[in-house]
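Colleague: Predicted structure and sequence below. I'll ask about it afterward.
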Amino acid sequence: MESKINHDEVMEVCLLAGKIMMQSGAETYRVEDTMRHIANAFGNKPSHSYVTPTGIVFSIDGAGTKVSGISARSTDLKKVTIVNSISRRISSGDLSVKEAYHALKQVEAVDIAYPIWMQIPAAALASGCSLIMFKGGWNDFIPACIVSGLGFSSLVFFHRLVEIKFFAEILASLIIGLLSFFFVTNGIGHQLDKIIIGSVMPMVPGLLITNAVRDLMAGHLVSGLSKGAEAFLTAFAIGAGVAVVLTLY
């Protein structure tokens, strides 16, 4: 009975570690590898896992199976690094099952993302630099920063109002297109295409595309295709919002 309880606790630790990593933007193979290392560190029984972007199934031979659903996903690579660090401490024998679970619960509860007031200027500056990278003129640097800052702010605002990210992204890209056209029409900006391209860069799903390709190459077809579909929806939302403005004007 004691052994079963211990294995149940091990499965809870593995599921929690995997859930945090998937919610924070980790690749599927990295999640499965971390869960397997944790299970091996606490016992010698073979473990099995099935990980998708929306849920995790994990089992240890002779100890049953547990499932954990994943409803929200974002990009927080700092949490991925922390969970990997906890996994290494478990493998080296520095943490017990209860200590590992407590450490992971703290990671899950804490919000270590940069505050919004810092994210918005960072997105604006990154957009201005992207404009220059795509051979835009320096006279469009400030307009691109302003448009991106307002567009990213609207993305955050609409996503808080509507939980469906697709609608927030399409509305934000629509605002970016309108502001870019307004700036160019009034002589504040000069190259409409470069301003729009630079301004939408913070919204581009680069990590999703990268993870989708890496999962497909690693043989995780379900996760790779689902992440690719999510990246496609984001790209479609960005393109649709901008296309509406260009079509009307």
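Modeller: Arrived safely, thanks for sending. Numbering: from 1, shown residues only.
Colleague: Output the lowest mean pLDDT helix or strand found in this protein.
Modeller: The weakest-scoring helix or strand in the chain, judged by mean pLDDT, DSSP states H and E, is helix 2-23 (a mean of 80).
Colleague: quick one: average confidence on the helix or strand following that one?
Modeller: Stepping forward along the backbone from helix 2-23, the first helix or strand reached (DSSP states H and E) is helix 28-42. Helix 28-42 carries an average pLDDT of 88.
Colleague: pLDDT below threshold where in the protein?
Modeller: Within the chain, the set of residues satisfying pLDDT under 70 comprises 1-5, 44.
Colleague: Please parse it into its domains.
Modeller: The chain breaks down into these structural domains: 2-109, 116-248 (assignment by automatic domain parsing).
Colleague: Just send these back as JSON lines, with mean neighbour count too.
Modeller: C-beta here means a position set from N, CA and C on the backbone, and glycine is covered the same way. Compiled in JSON lines, these are given as follows (neighbours: other C-beta atoms under 10 Å):
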{"stretch": "domain 2-109", "mean neighbour count": "18"}
{"stretch": "domain 116-248", "mean neighbour count": "18"}
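Colleague: Name the single longest helix found in the chain.
Modeller: Secondary structure of the chain per DSSP state H: the longest helix is helix 221-248.
Colleague: tell me the angle it makes with helix 28-42.
Modeller: 150 degrees (axes from the mean of the first three to the mean of the last three C-alpha atoms, to 10 degrees).
Colleague: which strands and helices sit next to helix 221-248?
Modeller: strand 47-52, helix 165-185, helix 192-200, helix 206-217 (3 or more C-beta pairs under 8 Å, 6 or more residues apart in numbering; DSSP states H and E).
Colleague: mind running it again at 7 Å?
Modeller: The elements that helix 221-248 packs onto, with contact taken as 3 or more C-beta pairs under 7 Å, 6 or more residues apart in numbering; DSSP states H and E, are strand 47-52, helix 165-185, helix 206-217.
Colleague: With distance to I142 as new columns, can those be given to me in JSON lines?
Modeller: As requested, these are exported to JSON lines (distance: least, C-beta to C-beta, whole Å):
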{"stretch": "strand 47-52", "distance to I142": "43"}
{"stretch": "helix 165-185", "distance to I142": "10"}
{"stretch": "helix 206-217", "distance to I142": "25"}
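Colleague: Identify whichever of those lies nearest to G241.
Modeller: Across the helices and strands packed on helix 221-248, the minimum distance to G241, taken as C-beta to C-beta, is reached by helix 165-185, at 2.9 Å.
Colleague: Tell me which residues are up against the closest one.
Modeller: Contact with helix 165-185 is made by 143, 147, 150-151, 154-155, 158-159, 162, 189-190, 192, 195-196, 199-200, 203, 233-234, 237-238, 240-242, 244-246, 249, as judged by C-beta atoms under 7 Å, 6 or more residues apart in numbering.
Colleague: tell me the angle of it relative to helix 192-200?
Modeller: Here helix 165-185 runs at an angle of 140 degrees relative to helix 192-200 (the same axes, to 10 degrees).
Colleague: Tell me how far helix 165-185 lies from the chain's centre.
Modeller: Helix 165-185 has its C-alpha centroid displaced from the chain centroid by 22 Å (C-alpha atoms, centre = their mean, to the nearest Å).
Colleague: likewise stretch 142-149?
Modeller: Distance, stretch centre to chain centre, for stretch 142-149: 24 Å (C-alpha atoms, centre = their mean).
Colleague: next one: stretch 31-45
Modeller: Distance, centroid of stretch 31-45 to centroid of chain: 24 Å (C-alpha atoms, centre = their mean).
Colleague: now swap in stretch 191-201 and tell me
Modeller: When C-alpha coordinates are averaged (C-alpha atoms, centre = their mean), stretch 191-201 and its chain have centres 23 Å apart.
Colleague: which SS class is Y114?
Modeller: Y114 falls in the coil class when you classify it by DSSP: H, G, I helix; E, B strand; the rest coil.
Colleague: Now the closest residue to it other than its chain neighbours: which helix or strand?
Modeller: Excluding its sequence neighbours, the residue lying closest to Y114 (C-beta to C-beta, 6 or more residues apart in numbering) is A122, at 7.4 Å. For A122, the enclosing helix or strand under DSSP H and E is helix 116-133.
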